[in-house]
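Engineer: Task: produce atomic coordinates for the following.
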Amino acid sequence: MKKSLFFVRYCFVLLITNVVLAQAPKKIIIENSDFADVNQTETPDALLLVGNVRVNHDGIVMTCNKAYYFQKENYIKAFGNVQMVQGDTLFLNSKYAEYNGNAKKAYATGDAVMSSPDATLVTETINFDRNTQEAFYETPGTITNKDNTLQSNAGRYYVNQKKFQFLTAVTITNPTYVIKSNHLDYFSNSGHSYLFGPSTITSKSNYIYTEKGFYDTKKNLAHFLNKSYIKYDDRVIKGDSLYYDRNREFASATRNVKITDSINRGIIKGHYAEMYKKKDSVFVTKRAVAVNFVENDSVYIHGKKLMVTGKEGNRIIRAFNNVRFYKTDMSGKCDSIHSDSKIALTKMIGNPILWNGESQITGDIMHLIGNNTTQKLDSLKVLNNTFLVSKDTLGTGYNQVKGQNLYGKFFEGKLRDVDIIKNAEVIYYMRNDAKDLIGINKNVSSKINLLLEKNEIETITFFNQVDGDIYPEKDLPENARKLRGLVWRGEERIKSKDDIFPPEEDEDNELLAKAKKSEKALENVPMKIRKETLNYDKKKSPQNPKKGKVK
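Structural biologist: Okay, here's the model as predicted:
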């Protein structure tokens, strides 16, 4: 019994001893030195090592020309051609270094160079903590790898993650662009950069600003959030989320997208956009609207899809599906619009309708023609089945002009002179200066000319083959007061820039606005590290072949 109890105690003591020994700091081992000496006067308690010095400590190897080894402190000071090597992943060279074996911390200074398979750091002083596998420096440093050069006044390197982190001014220089930021995480193996806070990316082709972003310096792919925009020579694209492919010069934006054309004085908005710089093309959808500034006024064009193509002076705007537009004194609807800046021609295609003030104009084909010299709206052309209608200002009737074609001229942006050609018909409520009804003019002729003032008919002139009369109200029955084909669509009239959007797009816009508010709290949080960054060096394990059945 006593022997058994003794044996148990012995095992327990042995176990405790092994644990203590395991936790005790390992001693620095001297593997080589051409000369060794002890001088208690000059360097008390230190062993002097000179010539081809090589020491080892728990997986790190240090070589130098001369060293002082303090055995009690497990501490070493190294001089001349100092190099510390950790496996095959980290090399630290300097003129002078110190290494604490107990704390497992190193300090290197004097043209310090830290190298890994992916990057090289050159600075004056580097500190390395082997416990956390982190190196940091607070002296101006330059990091180089195959693709980029990074310069900063301070930084930290996480060995296991292969990540450099900078919390002060840092610059990444690439042959194509320059990145500047005050908070940047750079993964040397993948070339992935994570930007946080005011940051810029400058190149010959564009200028990028972001306050939260990701940039793949190898593939030239990027994703930006928080007040980000891309500025070209003539355009600026903004959005809550921006994707950018430098190789294709392609950018896409999501939510609250705004593209500003500084040369052509235009803005395009929506909740999704794509832009190809090389093709000079922009595609916008989801509450898309193009805003053009004309004659001290703004023209708003909406379609489910908007496309803008071509260089300055040769730009084409296309709008598709349920197109609506609004200008202060003019608005319209159609299936699609094609606007060519080179010939200053805007075609309203598919069931076009135009409201000029209170007047409604319809026809099979409708063209708005501008003047590139004056940059003003010049004329209107409506072909086939032309109808111009307005409500009588005081009564319940309609002023109507019908014919095959309409040709109108604008003066100072307002429709002033209108000709109705071929098979022209008129029903017009005539009133005196006191607004009393004089009679109802009902006429037909081969041509009618209208002069408008403040978007209302001022005078009517009939040409050739005039047939008709002015009827007292009581002598013209109700069924004779409407021309064949009259359809009044006043309830559809677009009266403001907000009316150009259909109800379903307004609802979607409200949902996006709510989502934006909920994401506000994340603006001050750095971007989450992507899986492709964390798994960059991980090799796919080969799949085991399926075993066949034994017969």
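
Engineer: so where is the stretch 451-551 of the chain shaky, pLDDT-wise?
Structural biologist: By pLDDT under 70, the weakly predicted segments of the stretch 451-551 of the chain are 513-523, 539-551.

Engineer: try 80
Structural biologist: Residue ranges of the stretch 451-551 of the chain with pLDDT under 80: 454-456, 464-466, 468, 505-525, 539-551.

Engineer: how about the helices in it?
Structural biologist: Assigned by DSSP state H, counting those that start in this stretch, the stretch 451-551 of the chain shows helices spanning 503-518, 531-534.

Engineer: Tabulate the ones you listed (JSON lines), appending mean neighbour count.
Structural biologist: Any C-beta I mention is one placed from the backbone N, CA and C, and that applies to glycine too. Listed next are the helices of the stretch 451-551 of the chain as JSON lines, based on neighbours: other C-beta atoms under 10 Å:
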{"stretch": "helix 503-518", "mean neighbour count": "11"}
{"stretch": "helix 531-534", "mean neighbour count": "13"}
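
Engineer: Ok, which of these comes nearest Ser152?
Structural biologist: Evaluated with C-beta to C-beta, these place helix 531-534 nearest to Ser152, the distance being 20.0 Å.

Engineer: Just the CA atoms of that closest one, as CSV, please.
Structural biologist: Extracted in CSV, the C-alpha atoms of helix 531-534 (Å, rounded to 0.1, in the frame of the first residue of the first chain):
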residue,chain,number,x,y,z
LYS,A,531,-12.9,34.7,-48.2
GLU,A,532,-10.8,34.8,-51.3
THR,A,533,-8.3,36.9,-49.3
LEU,A,534,-8.2,34.5,-46.3
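
Engineer: can you list contacts of that helix?
Structural biologist: Residues from elsewhere that reach helix 531-534, judged by C-beta atoms under 8 Å, 6 or more residues apart in numbering: Gln161, Phe187, Ser190, His192.

Engineer: which ones among those residues are found in helices?
Structural biologist: If you go by DSSP state H, these have nothing in helices.

Engineer: what's the closest of those to Ile143?
Structural biologist: Within the contacts of helix 531-534, proximity to Ile143 (C-beta to C-beta) peaks at Phe187, which comes in at 11.9 Å.

Engineer: Tell me which of the helices of the stretch 451-551 of the chain lies nearest to Ile369.
Structural biologist: helix 503-518 (29.9 Å).

Engineer: quick one, phi/psi of the residue nearest the centre of the chain?
Structural biologist: Nearest to the mean C-alpha position of the chain, counting by C-alpha atoms, centre = their mean, stands Leu242 at 2.3 Å. Torsion angles at Leu242 (phi, psi; degrees, to the nearest 10) stand at phi -120, psi 130.

Engineer: which one is it nearest to, not counting chain neighbours?
Structural biologist: Spatial nearest neighbour of Leu242, excluding adjacent residues (C-beta to C-beta, 6 or more residues apart in numbering): Phe224 at 4.2 Å.

Engineer: which helices and strands sit right next to the one helix or strand the one you found maps to?
Structural biologist: Element membership for Phe224 (DSSP states H and E) is strand 221-225. Using 3 or more C-beta pairs under 8 Å, 6 or more residues apart in numbering; DSSP states H and E as the contact test, the elements touching strand 221-225 are strand 207-216, strand 241-245.

Engineer: quick one: which of those is nearest Tyr96?
Structural biologist: The nearest among the helices and strands packed on strand 221-225, by C-beta to C-beta, is strand 207-216 at 36.8 Å.

Engineer: What are the contacting residues of that closest one?
Structural biologist: 179, 190-202, 221-231, 242, 244, 523, 526-527, 530.

Engineer: Is it possible to mark the buried ones in those?
Structural biologist: Applying 16 or more other C-beta atoms under 10 Å to the contacts of strand 207-216, the neighbour count classes 179, 190-196, 199, 201, 221-226, 228-231, 242, 244, 527, 530 as buried.

Engineer: Using the three-state scheme, assign the residue nearest to Ala103 when sequence neighbours are not counted.
Structural biologist: In space, and not counting its chain neighbours, Ala103 is closest to Asn131: 7.8 Å by C-beta to C-beta, 6+ apart. Using DSSP: H, G, I helix; E, B strand; the rest coil, the structure places Asn131 in coil.

Engineer: isn't Asn131 right up against Asn100?
Structural biologist: No: in this structure, Asn131 is not within contact of Asn100 by C-beta atoms under 8 Å, at 10.9 Å.

Engineer: Which strands and helices lie in contact with the host helix or strand of Thr254?
Structural biologist: Using DSSP H and E, Thr254 falls within strand 250-261. Judged by 3+ C-beta pairs under 8 Å, 6+ apart, the packing partners of strand 250-261 are strand 235-238, strand 241-245, strand 266-276, strand 281-294, helix 503-518.

Engineer: In JSON lines, list those along with distance to Ala251.
Structural biologist: Formatted as JSON lines, those follow (distance: least, C-beta to C-beta, whole Å):
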{"stretch": "strand 235-238", "distance to Ala251": "6"}
{"stretch": "strand 241-245", "distance to Ala251": "5"}
{"stretch": "strand 266-276", "distance to Ala251": "5"}
{"stretch": "strand 281-294", "distance to Ala251": "10"}
{"stretch": "helix 503-518", "distance to Ala251": "20"}
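
Engineer: which stretch among these comes nearest Gly413?
Structural biologist: strand 281-294 (7.6 Å).

Engineer: got the angle for the closest one vs strand 266-276?
Structural biologist: Per axes from the mean of the first three to the mean of the last three C-alpha atoms, to 10 degrees, the angle that strand 281-294 makes with strand 266-276 is 170 degrees.

Engineer: List the strands paired with strand 281-294, with their directions.
Structural biologist: Applying DSSP bridges to the sheet, strand 281-294 is found paired with strand 266-276 (antiparallel), strand 297-309 (antiparallel).
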